[in-house]
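>>> Using only what follows, build the 3D model:
(chains A and B)
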Amino acid sequence: MAYLGVDIGGTFTDIVHLADDGSVVSTKVSSTPPRFEEGFIAGVEKVAGLRDVSAEELLRGCELVLHGTTVATNALVQLRGAKVGMITTRGHADTLPVMRAAGRAKGVPLDRMLHASRHDRPTAIVDRARIVEVDERMDASGGVVVALDEAGVEQAVRDLVAEGVDAIAVCYLWSVVNDDHERRTEAIIRRVAPDVFVTTSADASARTGEYERFAAAAINAFLGPETHGYLDRLRRGLADRGLQGELLVMQAAGGVAEIERAAGQPVLTIGSGPAAGVSASAVLGAQRGEADVLATDMGGTSFDVALLADGRPVRTQTTIEHQYEFHQARTDIRSIGSGGGSVIWRDPDSGALRVGPESAGAHPGPICYRRGGTKPTLTDANLVLGYLDPNAFLGGELVLDREGAEAGLAAVGEELGMSAVEVAIAAREIVSSQMADLIRQMTVERGMDPEDFVIYAYGGAGGLHVDGYVRELGAGSAVVPHGTLSTTWSAYGCATSDVMHVHERSLQLSSPFDAATVQAAFDDLERVATEQLGQGGIGAEQQSLERILEMKYPLQIHRVEVPVPSGPVTAEVALELEKRFAASYEALYGKGSAFEGAGSEIVACRVTGRGRLPQPQARGEEIGGTLEVTERDAIWPGEDGPRTLSTRVVPIDAIGAVDGGTVEGPAIITGPTTTVVVPDGSRVRLDDQGNLELRVDPTPVGAGATTATAASA
Amino acid sequence: MSEIRFDGRVGPYVPPVEPPPAVAELLHTDAAPTDPARFDILRHALWNLNIEHGNTIIRTSGSPVVVYAHDFNPVVLDEWGNYVYFGPWLQYLVAASSPAVKWILENRHDSPGIEPGSMFMTNDPWIGATHQSDLTVLAPVFWEGKIFSWVGSSLHHQDLGGTAPGGFNPVAEDVYWESGVIPPVRIVENGVIRKDLEEEYTRRSRMPDLVAVDLRAQIAGCRVAVARMTELLERYGGATLKGAMRKVQDDSEQAFAKRIETVPDGEWRSEAYLEMAAPGDRKLHRNTIVLRKKDGKLTFSNEGTDPQLGALSCTLAGWTGGLAAMINSQLMFDQLFAVGGALRRIEFKAEPGTLSSALHPSALSLAVLTIDQCIALAASAISKMLSCSSDPELREEIQSSMGSATFPIAAIAGADASGNPFATLLMEPVATGMAAWSWRDGLDMSGWPWDPQVTMPNVEETEAFYPLLQLWRRIVPDTGGAGRWRGGNSGEAAVIPYGVDGVQHHTASAAHHAVPMTPLFGGLPGSINRFLLERGTDVRKQLEAGHMPGPGEVRDGEQEELDPKAFGVPQGADDVFLLQWAGAGGLGDALDREPERVLADVRTGMVTAEAAERLYAVVLAGDDVDAEATERLRTERRAARGDWQRPDKAGGKGEVRDGALTFGPGLVHGRVDGKRVTCCSECHTELAPADENWKAGACRHEIPIPEANAHVADPARFLDDEVVVRQFACPGCLRLMDSEIVRKADPVQWDMRILEEI
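The predicted structure follows:
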């Protein structure tokens, strides 16, 4: 049986077909918003063509279709969501609209954070007039202060339905401790208005803190009908074309979920595409025996970073979308606006050379695309330096304009006293530094050393710049995965994902911990997790459960995740937890940072249920095409300024035939969709699964070039 | 006052412009010209080390006020203590670190000495702290044996001893009643914390463990920043990195110079009152900021500010810091928190012995509340100045009076259900209305403009820790002032004891319980701060009967308003505590606001239908505007202004043709038939000769404050003086141009003067 991974992004839909012999084919088609399922089907047809079968045959042979989708993300960005009503605790209707007073600057970049006159709240996803208060109230321990007014709820539902809402979020204070009122309200809505999409705040997020929970529920309600409709159309479309296997949906936390779960909690799918890329990196890490990985993705507009620690994607509990903040476990992916399309410019205020955050995007795009772009970009820089072949871009579909790119860079350099080539080299150095800064922030603030990680670089521009940030970080080496798969990496991540669900609840326990209470909390969550996996058809032997406690010191705010072994939580285990917590705390925050005088606290417990899917291990994709090694002039940074060197251009599949599988720099490795830059002193090797291993010369090369510029400036 | 020495003992420390020779020889000053291709990398590296410094503090601090309310900020300074970067958290906190560094260099270089691995701490408001609760920790970074730069942070510590828990003592007679003052001491030597000094510090606190955690967080932050700076030095060398620092400062100065170049020389003045300096005080105390621009430089002075009077007073360091925070947000918003260069072109002149530059041993513990008001005054004076700018984009930074212009402290204490003592502040007033701008409405409940990350706690966070139940928390319509652009609404929180029989309230507030801030250019004022107790209500009965009472539904109670400085007022099980905080001012004539905008506000519940008609003269018919009736009413209201007190001399009409300068509330300054005059820019009526107060030529009228905002209760509750809203309208077109909220007996204010020859 075969597996199909499909990742729909805003611009492209990527498809990977993984056959049971481990062979892989991949391709890209244009996305088709807002009817994304059409692009999906077109992609299936294209990949079927590559396998020389019809789409129907291909789908009939698929056991699973694993799907990452940007449908929810897009609907939120474009505000094409449902008309949402909210039912909430009397006295607290302003919770969502007020956004804890912080909404105006949430997610605003630091360089605009002080500019209050330009701040605004986001467009409301729930109109204040459709937030209805009802009588009910719980206290902090889940005790009922005011009983639920069921008649009032029913009236509220009828009023909202009369207003034409198609989704309702049920948001009560303290539902995180006792969700009885939310459940009963949900039941009333299902009875009175069965066609309306319903979501509760306790289902959307398991954390104390009503604003963030209500925000998650509101986003769920806003995206629910759209996501539900899309997945339903897609499922029927695939079934009509012969799919008998199941359709599973990628989540931002990593792992796929059943279609019902994704349709009910669309907030789980926001940002799932990049998360799938991190999953793919985890699969590759497992194959290569690398557990600690920095997964970096550089495309046209941004550079994204995530961490794999001990083989698992590192997660965050806090997300900001559309300026709304909410708590939910998801892969921690951070992003800066450094991509191939990043604009190179001179800041008139400081007179300094800058790169980004403005991006030329795909339209008008870099100058060299000849689509009307007038601002030079990193892609233009890479062309001028000879790293891109003007006649071989996108398989020769687009002939690049080298003269135009050079003129654009020269114009930026004019007032700086720099040539086009010097600007190009300096711009590459600036982005390398930005990218290294982002990586350093993510690792150092977790008490990790970036030098302990292997860097994986994927995405269209990853190979062009990876040497730069690897050198900046002093990391020494990097892997550009699977040749062509590196540009359909998220789709590959979908195709190779496991089923995963995260279950969480808040706790309030102080040390010494009562082992039985901890055990009971895990028992509850594990029962729910096992049930859910079972309902998804995952047999017991395929299931695995992972336990985490979130702990803190009573006098400190920050939480630390402490893994808990499976099996009974005995008194010894409980004691051991305290020790582990103290060790993790110091590892994260530095020696002496812990304040141990007053014991420790458990504030939340979490169970991640995984269902292993039976995908085969993938083999490197055969690329075909030319094996001919050529030479051309390329410009490299050097001690005394830019140097033009005759540089070998080696197609990926030819590496094996040259120098026993290792290519010494300077060289440029080319594939149909990627280019890897190998500077002087570095070298690249092809491993037996088709991945490129880059070894970077640790001495920083750029220094000489810019010192020379300073002297002439 | 000539005998005052500005050395940080009795008078405030005022550092010399240049380091004295004994200090200069310790400093690394070698700076290489900056390579434009590398500057961006170095700039980011310096910025990032400051962010990492701040994040380290957030991760290791124990205080909710630090982690959630961000009551701290890190800073990078050059070798002589001039600012390079502030962090993006509470802006005014580190704005006193520059004098602290300079004082340390001058007074500690010989003993105990400044060495690699040293760190100093101080909370001395006469040297470099806002008030004693804000501890500043500073660390030098060395390169090749010399002091290359400094890094540091200021952070609010929860309790540092003194007569009042938490440090806010409104009745303190002098500083000896308060938390002790610590001049800079060397808390870390050779990288190791001095245990004796640490205990000397923590021993004074009611919460020694928490204070120890927070001190260590500050030290950990400095450690990280010093290490990162040292890595940069090793990689790029001292001269290159210093060159980048200088360039950050130079660019900031350039950006600032370019902005103020668009403003003519002139003088702008703003005034407000502090109230009830101590229980029983029924007077108002004037707080003034005068801003002058001349020769490409700005001067802020406090001329006209009343003498110091105990705990409400602040010191020069706090005052300067507050003003720097506002300058950063209103004039330097695009400079990534690099205010240092701008400060080269700004002079701060505060008369010693006044409310905003108190002499030792004045009490100071409420200084931050006064600093809040000074910031609001600075915003008002800067806005008046910007109204004279020739740059239309810069004029978009003009804003009216901000909400919660002093933070009303409502502290609740008692014992929880298990008998453990607790104390907390209600942080809700951070969610204040934002002032109307010159081109848009103020945001409702969105915080101070100068503090971009402040966050109101969740109800669930409060209830998890304290025996309280929050009945409601809401935006209150009409609390924002009316105007052509509406001021942002503020809110209200209602709290009852829960699981206990009662709690006690302590209040500490500096102003705006009686008199709101004066709004800008004819806008109406926002609401005021209030602490209310509804005594003996039926709230418990309603809860038992299955109803959560909302605003206006709590019955049978008797209202008691707490003083802004009340101590230990009990709240029983049937009493409801209501905290209301001040809304922001509107801007421009409310009669000029498009009826559709008023209607939209009524529909979203931000303005009541009653206020729509009373303040905006918009007549609603059902769900819509009655356009005809609205037009009729507006004409009537405008015409009524013709009956106000007319100017002594009727001005002629004449269109200004030469050298016109538009400023303020639609005024134009220039020549008519050779005379230099100020006219109305709409109808060209001449108001006054250019070198006289234009208000002399306006129609004038006084109304009680509650008429301008129904949420302002009669000031006579707390004051002997009669206070009014004095309004000024153009005698030609009868447009409402400006207002001032003043004692009835006070003369008309001359608050905008252009001193440049037009």
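
>>> Which elements pack onto the host helix or strand of residue A:191?
Using DSSP states H and E, residue A:191 falls within helix A:180-192. The contact analysis (3 or more Cβ pairs under 8 Å, 6 or more residues apart in numbering or on different chains; DSSP states H and E) places helix A:180-192 against helix A:150-163, strand A:167-171, strand A:197-200. Glycine gets a C-beta too; all of them are placed from N, C-alpha and C.

>>> Any buried residues in it, and which?
A:181-183, A:185-186, A:188-189, A:192 (16 or more other Cβ atoms under 10 Å in any protein chain shown).

>>> just stretch B:388-397 next, same as before
Quick answer for stretch B:388-397 (16+ other Cβ under 10 Å): B:388-389, B:394-395, B:397.

>>> Over to stretch B:251-265?
B:251-256, B:259-260, B:263-264.

>>> can you tell me the helix or strand for residue 373?
Unless you meant another one, I'm taking chain A. Here residue A:373 is assigned to no helix or strand, by DSSP H and E.

>>> Sorry, I should have been clearer: chain B.
helix B:367-386.

>>> Could you identify the helix or strand that succeeds that helix?
Next along from helix B:367-386, by DSSP H and E: helix B:392-395.

>>> On the three-state scheme, residue A:504 is what?
What DSSP: H, G, I helix; E, B strand; the rest coil gives for residue A:504 is strand.

>>> same check, this time on residue B:669
Residue B:669 - assigned by three-state DSSP - is strand.

>>> helix, strand or coil for the residue lying closest to residue A:551 once chain neighbours are set aside?
In space, and not counting its chain neighbours, residue A:551 is closest to residue A:581: 4.4 Å by Cβ to Cβ, 6 or more residues apart in numbering or on different chains. Each residue gets one of three states, and residue A:581 gets helix by three-state DSSP.

>>> check contacts around residue A:581.
A:551, A:560, A:562, A:600 (Cβ atoms under 8 Å, 6 or more residues apart in numbering or on different chains).

>>> what do you get if the cut-off is 10 Å, keeping everything else the same?
Residues near residue A:581 by Cβ atoms under 10 Å, 6 or more residues apart in numbering or on different chains: A:511, A:549-553, A:559-562, A:594, A:600-602.

>>> hmm, stretch A:162-174 in reach of chain B?
Yes: using Cβ under 10 Å from any Cβ of the partner chain, stretch A:162-174 reaches chain B at A:173-174.

>>> rounded to a whole number, what's the mean pLDDT of that stretch?
For stretch A:162-174, the mean per-residue pLDDT is 97.

>>> Equivalent analysis for stretch A:42-59, please.
94.

>>> ok, residues contacting that stretch?
Stretch A:42-59 is contacted from outside by A:2, A:4, A:6-8, A:12-17, A:19, A:23, A:25-32, A:41, A:60-62, A:65, A:237-245, A:491, using Cβ under 10 Å, 6+ apart.

>>> residue closest to the middle of chain A?
residue A:274 (3.0 Å; Cα atoms, centre = their mean).

>>> Could you check which helix or strand contains it?
helix A:272-288.

>>> Flag the shaky bits of the stretch 501-650 of chain B, pLDDT-wise.
Applying pLDDT under 70 to the stretch 501-650 of chain B flags the ranges B:650.

>>> Tell me which stretches of the stretch 451-600 of chain B form helices.
For the stretch 451-600 of chain B, applying DSSP state H, counting those that start in this stretch gives helices covering B:459-465, B:539-544, B:595-603.

>>> As a check, name the ranges of all strands in the stretch 51-200 of chain B.
Ranges of strands in the stretch 51-200 of chain B, per DSSP state E, counting those that start in this stretch, are B:72-78, B:83-86, B:119-122, B:134-143, B:146-156, B:185-189, B:192-193.

>>> For these, give me CSV that also has mean neighbour count, distance to chain A and mean pLDDT.
Shown next, in CSV, are these (neighbours: other Cβ atoms under 10 Å in any protein chain shown; distance: least, Cβ to the nearest Cβ, whole Å; pLDDT from 0 to 100):
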stretch, mean neighbour count, distance to chain A, mean pLDDT
strand B:72-78, 28, 13, 96
strand B:83-86, 28, 10, 94
strand B:119-122, 25, 14, 98
strand B:134-143, 26, 15, 97
strand B:146-156, 26, 14, 97
strand B:185-189, 19, 12, 97
strand B:192-193, 12, 9, 94
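
>>> tell me, how many neighbours does the residue nearest to residue B:190 when sequence neighbours are not counted end up with?
For residue B:190, ignoring the flanking residues on the chain, the nearest one in space by Cβ to Cβ, 6+ apart is residue B:117 at 4.3 Å. By the criterion of other Cβ atoms under 10 Å in any protein chain shown, residue B:117 has 14 neighbours.

>>> Residue B:117 touches residue B:187, doesn't it?
No: taking contacts as Cβ atoms under 10 Å, residue B:117 lies outside contact range of residue B:187: 11.7 Å.

>>> ok, back up a step: report the backbone C-alpha coordinates of the next helix or strand after the helix holding residue A:274 in CSV.
Remark: after helix A:272-288, the chain's next helix or strand is strand A:293-298, criterion DSSP H and E. Only the C-alpha atoms of strand A:293-298 are listed here, as CSV (Å, rounded to 0.1, in the frame of the first residue of the first chain):
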residue,chain,number,x,y,z
VAL,A,293,18.5,18.9,15.2
LEU,A,294,17.9,22.5,14.2
ALA,A,295,15.3,22.4,11.4
THR,A,296,15.7,25.4,9.2
ASP,A,297,13.4,26.3,6.3
MET,A,298,14.3,29.2,4.0
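
>>> Against which helices or strands is strand A:293-298 packed?
helix A:272-288, strand A:303-309, helix A:420-444, strand A:454-458, helix A:462-473, strand A:477-480, helix A:489-495 (3 or more Cβ pairs under 10 Å, 6 or more residues apart in numbering or on different chains; DSSP states H and E).

>>> among these, which is the most enclosed?
Compared across the helices and strands packed on strand A:293-298, helix A:489-495 shows the largest average neighbour count, a mean of 32 (mean count of other Cβ atoms under 10 Å in any protein chain shown).

>>> Give me the distance from that helix to the chain's centre.
12 Å (Cα atoms, centre = their mean, to the nearest Å).

>>> What is it packed up against?
Helix A:489-495 packs on strand A:2-8, strand A:12-18, strand A:24-30, strand A:62-68, strand A:246-250, helix A:272-288, strand A:293-298, strand A:454-458, going by 3+ Cβ pairs under 10 Å, 6+ apart.

>>> who's in contact with the residue nearest to residue B:190?
Per Cβ under 10 Å, 6+ apart, neighbours of residue B:117: B:139-140, B:142, B:188-192, B:223, B:226.

>>> Please apply the same query to residue A:523.
A:516, A:569, A:607.

>>> Likewise for residue A:540?
By Cβ under 10 Å, 6+ apart, residue A:540 lies in contact with A:530, A:533-534.

>>> Using CSV, write out the CA atom coordinates for stretch A:138-152.
Provided in CSV are the C-alpha atoms of stretch A:138-152 (Å, rounded to 0.1, in the frame of the first residue of the first chain):
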residue,chain,number,x,y,z
MET,A,138,-18.0,28.5,39.1
ASP,A,139,-15.3,29.4,41.6
ALA,A,140,-11.6,28.7,41.4
SER,A,141,-12.1,25.2,42.8
GLY,A,142,-14.9,24.3,40.5
GLY,A,143,-17.6,24.8,43.0
VAL,A,144,-20.9,26.2,41.7
VAL,A,145,-21.5,29.8,42.8
VAL,A,146,-24.5,30.3,40.5
ALA,A,147,-26.2,27.4,38.8
LEU,A,148,-26.5,27.3,35.0
ASP,A,149,-29.7,29.0,33.8
GLU,A,150,-30.7,26.5,31.2
ALA,A,151,-33.7,28.4,30.1
GLY,A,152,-31.5,31.5,29.7
